[in-house]
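>>> Fold the following for me, if possible:
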Amino acid sequence: MDLSQAVFWIAVASSVIMLVRLGRRAIRDARIWAIKCVAVLLVALVSDLTVPMSAPWIVGSLWAAIIVLPSLLVRLAIHSLGRQRYGAAGLSARLLSLLQPFDGWGRNAEAIAALRLAQRGELERATARMSELLVRPGLSWRVYASLHMQLCRIAGDWRGMLQQVPGDDPTLVAMRLRALGETGHIRELVFEAGRLRGETGFVSHAVELVVLAFCGKVDAVAGLLEGALARLPAELKRFWLATAELAAGHEETARRDFERLAAGAADRTLALYARQRLDNGIASPQLALDGVGWRAVAAIEASARDGRRRPVGFLGFWRGSWIILGLVGANFAMFLVEIALGGSEDLDVLGRLGAMWAGAIVGGGEWWRLGSAMFLHFGWLHIAFNMAALAILGPWVERTIGHWKTLLVYLLSGIGSTAGVLLLVQAGWVDDELLVGASGAIFGLVGAQLVLRARSFLQHRSVQAAQRLGDLAWGIALQVVFDFVTPQVSFAGHASGLGAGILLTLALTPGSPRGAG
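From the prediction side, this is the model:
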């Protein structure tokens with residue numbers, strides 16, 4: 001498979017997966033993205049029939065321009081909004097308004113600019129601008145809700161904030177829960193977070209922060225701010241740590257921090273909130289919660305302790321995944337050996353190094369090839385795609401079932417993959433050809449994910465768990481189609497690795513490992 005074929009099928013597969021996911025949502029933005037996906041698929045069909053040699057680059061360029069780049073900008077905008085970095089969020093929104101003039105991102109950029117005015121302390125201008133924007137059409141639901149809640153926060157109208165429906169947006173949910181805490185409804189705050197946890201199998205780090213701060217869990221709040229929420233602005237961290245201190249009864253320490261924020265915070269809205277905290281205080285969790293309530297808090301606190309170890313930022317995604325990183329390194333090391341001995345596309349080199357070949361295994365007794373083949377690759381594109389898949393799929397499995405079980409699933413699935421192909425060759429169902437690549441072992445990790453996601457769904461019966469399981473199933477189905485239309489790809493190897501991964505995970509992890517949600 002060359003680069004052009006890979007680009008073509010990645011564009012088609014990702015468009016189909018996105019269509020499936022968008023089919024569950026009825027908002028206007030989803031319809032616009034669905035139209036883009038359909039456009040990519042139609043162009044793929046027409047160009048493949050009319051100009052097959054140019055089709056991959058036509059489809060790939062269209063896909064990058066109308067799906068990949070806008071998707072990255074949307075993620076950056078939402079990520080920046082959640083961290084109150086309105087400059088970056090506004091820049092992303094303005095770029096999106098150029099790429100997608102009909103998506104309403106021009107209005108969103110204006111709304112984000114109003115939020116930035118409030119952050120700078122220009123509260124009157126910000127309030128007037130927000131009020132004006134709220135009555136104009138074109139805002140996305142997320143930005144509209146954020147504007148409404150920000151207006152309520154500036155005015156100290158926490159009860160008004162409770163009237164806004166946050167939907168499933170984690171940031172807005174956290175803002176609503178904060179309003180419950182600010183209005184003294186500590187019991188409702190805790191049980192609302194517990195209800196969300198029961199429905200989804202988890203709550204966001206922002207929700208954990210709000211609950212634990214209003215319940216006076218100082219150490220847990222500090223752990224979150226050092227770990228999963230380490231990228232929050234320093235002043236915002238100080239505000240929430242002081243809130244936890246106040247709820248815990250450490251009034252002197254808390255008031256000192258709030259006074260510093262009220263007098264000198266660069267974010268003037270945060271200075272306003274600190275002044276409100278000094279004037280109004282917060283309700284005592286000791287008076288509001290009974291034994292049942294504190295047990296619910298303990299569950300959130302346990303989740304937050306895990307959050308201290310969860311990945312932070314881009315590189316943090318692989319934190320603690322030393323088995324996966326080691327496997328990636330081992331594969332690249334073998335690839336360099338292939339190059340040094342004559343080239344990664346030289347069949348003689350691959351054969352000498354241990355490519356899977358039924359004749360050598362059965363006739364020559366070289367059974368070690370069942371394991372060595374998974375560390376060899378045919379060309380840069382082959383190893384690049386396989387290692388990208390391993391780096392994306394592997395860390396979650398390793399965090400969920402542990403280091404050594406992950407290594408065992410990977411290695412035994414790789415051997416199971418080549419063994420499955422060997423059996424099919426011996427039965428005469430597939431041709432005996434040199435077989436190399438880590439994809440069988442990687443499909444073992446996919447099988448592990450399938451088992452763990454299915455357990456999560458059976459345990460929580462949540463919409464989110466069902467969506468994750470469904471997305472994984474669709475990905476497997478698309479890979480099956482891809483295998484059948486691409487002669488160079490071994491369907492038998494992938495299927496054998498997937499089956500081995502499922503069986504191994506069932507054997508190694510009886511029950512529901514923590515974090516599988």
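
>>> Give me the mean pLDDT for stretch 9-22.
The predicted model assigns stretch 9-22 a mean pLDDT of 77.

>>> Need the CA coordinates for it. PDB is fine.
What follows is stretch 9-22, C-alpha atoms only, in PDB (Å, rounded to 0.1, in the frame of the first residue of the first chain):
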ATOM      1  CA  TRP A   9      -8.700   5.200   2.800                       C
ATOM      2  CA  ILE A  10      -8.000   7.200   5.900                       C
ATOM      3  CA  ALA A  11     -10.100  10.100   4.500                       C
ATOM      4  CA  VAL A  12     -13.000   7.700   3.600                       C
ATOM      5  CA  ALA A  13     -12.900   5.800   6.900                       C
ATOM      6  CA  SER A  14     -12.700   8.900   9.100                       C
ATOM      7  CA  SER A  15     -15.600  10.500   7.200                       C
ATOM      8  CA  VAL A  16     -17.700   7.400   7.700                       C
ATOM      9  CA  ILE A  17     -16.900   7.200  11.400                       C
ATOM     10  CA  MET A  18     -17.700  10.900  11.900                       C
ATOM     11  CA  LEU A  19     -21.000  10.500  10.100                       C
ATOM     12  CA  VAL A  20     -21.900   7.600  12.500                       C
ATOM     13  CA  ARG A  21     -21.000   9.700  15.500                       C
ATOM     14  CA  LEU A  22     -22.800  12.800  14.200                       C
END
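
>>> Quick check: residue 358 vs residue 435, distance?
9 Å (CB to CB, to the nearest Å). The C-beta positions use only the backbone N, C-alpha and C, and glycine is treated the same way.

>>> Counting neighbours, go ahead and name the busier of those two.
residue 435 (25 against 21; other CB atoms under 10 Å).

>>> contacting residues around the more buried one?
Applying CB atoms under 8 Å, 6 or more residues apart in numbering to residue 435 gives the contacts 355-357, 373, 418, 421, 490, 493.

>>> Now with 10 Å, please.
Going by CB atoms under 10 Å, 6 or more residues apart in numbering, residue 435 touches 350, 355-358, 369, 373-374, 376, 378, 417-418, 421-422, 425, 490, 492-493.

>>> Narrow these to those in strands?
Judged by DSSP state E, strands contain none of those.

>>> In terms of residue numbering, what are the domains of this protein?
The chain breaks down into these domains under automatic domain parsing: 157-310, 316-508.

>>> for the helix or strand where residue 72 lies, which positions count as buried?
Assigned by DSSP states H and E, residue 72 falls within helix 69-82. Judged by neighbour count using 16 or more other CB atoms under 10 Å, the buried positions of helix 69-82 are 70, 73-74, 76-78, 80-82.

>>> Out of the residues you listed, which comes closest to residue 64?
Set against residue 64, the nearest of the buried residues of helix 69-82 by CB to CB is residue 70 (9.8 Å).

>>> returning to what we had before: so which elements touch the helix holding residue 72?
When contacts are defined as 3 or more CB pairs under 10 Å, 6 or more residues apart in numbering; DSSP states H and E, helix 69-82 sits against helix 28-50, helix 86-99, helix 105-119, helix 141-155, helix 170-182.

>>> To residue 382, which of these lies closest?
In terms of CB to CB, the element of the helices and strands packed on helix 69-82 nearest to residue 382 is helix 28-50, at 22.9 Å.

>>> Pull out the buried residues from that closest one.
So for helix 28-50, counting by 16+ other CB under 10 Å, buried means 29, 33-34, 36-37, 40-41, 43-44, 47-48.

>>> swap in stretch 231-251?
By neighbour count on 16+ other CB under 10 Å, the buried set for stretch 231-251 is 232, 235-248.

>>> same question, stretch 335-351
Neighbour count says stretch 335-351 has 335, 338, 344, 349-351 buried, by 16+ other CB under 10 Å.

>>> repeat for stretch 50-57
55-56.

>>> tell me the mean pLDDT over that stretch?
In this model, stretch 50-57 carries a mean pLDDT of 87.

>>> hmm, back to that, would you convert the helices and strands packed on helix 69-82 into JSON lines that also reports distance to residue 392?
Putting the helices and strands packed on helix 69-82 into JSON lines (distance: least, CB to CB, whole Å) gives the following:
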{"stretch": "helix 28-50", "distance to residue 392": "21"}
{"stretch": "helix 86-99", "distance to residue 392": "23"}
{"stretch": "helix 105-119", "distance to residue 392": "28"}
{"stretch": "helix 141-155", "distance to residue 392": "26"}
{"stretch": "helix 170-182", "distance to residue 392": "22"}
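
>>> So which elements touch the host helix or strand of residue 384?
Secondary structure from DSSP H and E places residue 384 in helix 380-401. Other elements packing on helix 380-401 under the criterion 3+ CB pairs under 10 Å, 6+ apart are helix 3-22, helix 322-341, helix 403-427, helix 439-460, helix 491-508.

>>> Next up, the contacts around the closest residue to residue 368 other than its chain neighbours.
Excluding its sequence neighbours, the residue lying closest to residue 368 (CB to CB, 6 or more residues apart in numbering) is residue 354, at 6.7 Å. Contact analysis of residue 354 by CB under 10 Å, 6+ apart lists 334, 360, 366, 368-376, 436.

>>> tell me which of those residues is nearest to residue 162?
Minimum distance to residue 162 across the contacts of residue 354 is 55.2 Å, recorded for residue 374 (CB to CB).

>>> distance of the closest residue to that closest one other than its chain neighbours from residue 357?
Of all residues not flanking residue 374 in the chain, residue 414 sits nearest, at 3.6 Å (CB to CB, 6+ apart). According to CB to CB, residue 414 stands 16 Å off from residue 357.

>>> Same drill for these two, tell me which one is more crowded.
residue 414 (30 against 23).

>>> Can I get stretch 401-416 as PDB, trimmed to CA atoms?
The C-alpha coordinates for stretch 401-416 follow below in PDB (Å, rounded to 0.1, in the frame of the first residue of the first chain):
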ATOM      1  CA  ILE A 401      -4.900  -3.300  32.900                       C
ATOM      2  CA  GLY A 402      -1.300  -2.600  33.900                       C
ATOM      3  CA  HIS A 403       2.100  -2.800  32.300                       C
ATOM      4  CA  TRP A 404       2.800  -6.500  32.300                       C
ATOM      5  CA  LYS A 405      -0.600  -7.600  31.200                       C
ATOM      6  CA  THR A 406      -0.400  -5.100  28.300                       C
ATOM      7  CA  LEU A 407       3.000  -6.600  27.300                       C
ATOM      8  CA  LEU A 408       1.600 -10.100  27.500                       C
ATOM      9  CA  VAL A 409      -1.500  -9.200  25.400                       C
ATOM     10  CA  TYR A 410       0.700  -7.500  22.800                       C
ATOM     11  CA  LEU A 411       3.300 -10.300  22.400                       C
ATOM     12  CA  LEU A 412       0.900 -13.200  22.600                       C
ATOM     13  CA  SER A 413      -1.500 -11.500  20.200                       C
ATOM     14  CA  GLY A 414       1.300 -11.000  17.700                       C
ATOM     15  CA  ILE A 415       2.300 -14.600  18.000                       C
ATOM     16  CA  GLY A 416      -1.400 -15.600  17.700                       C
END
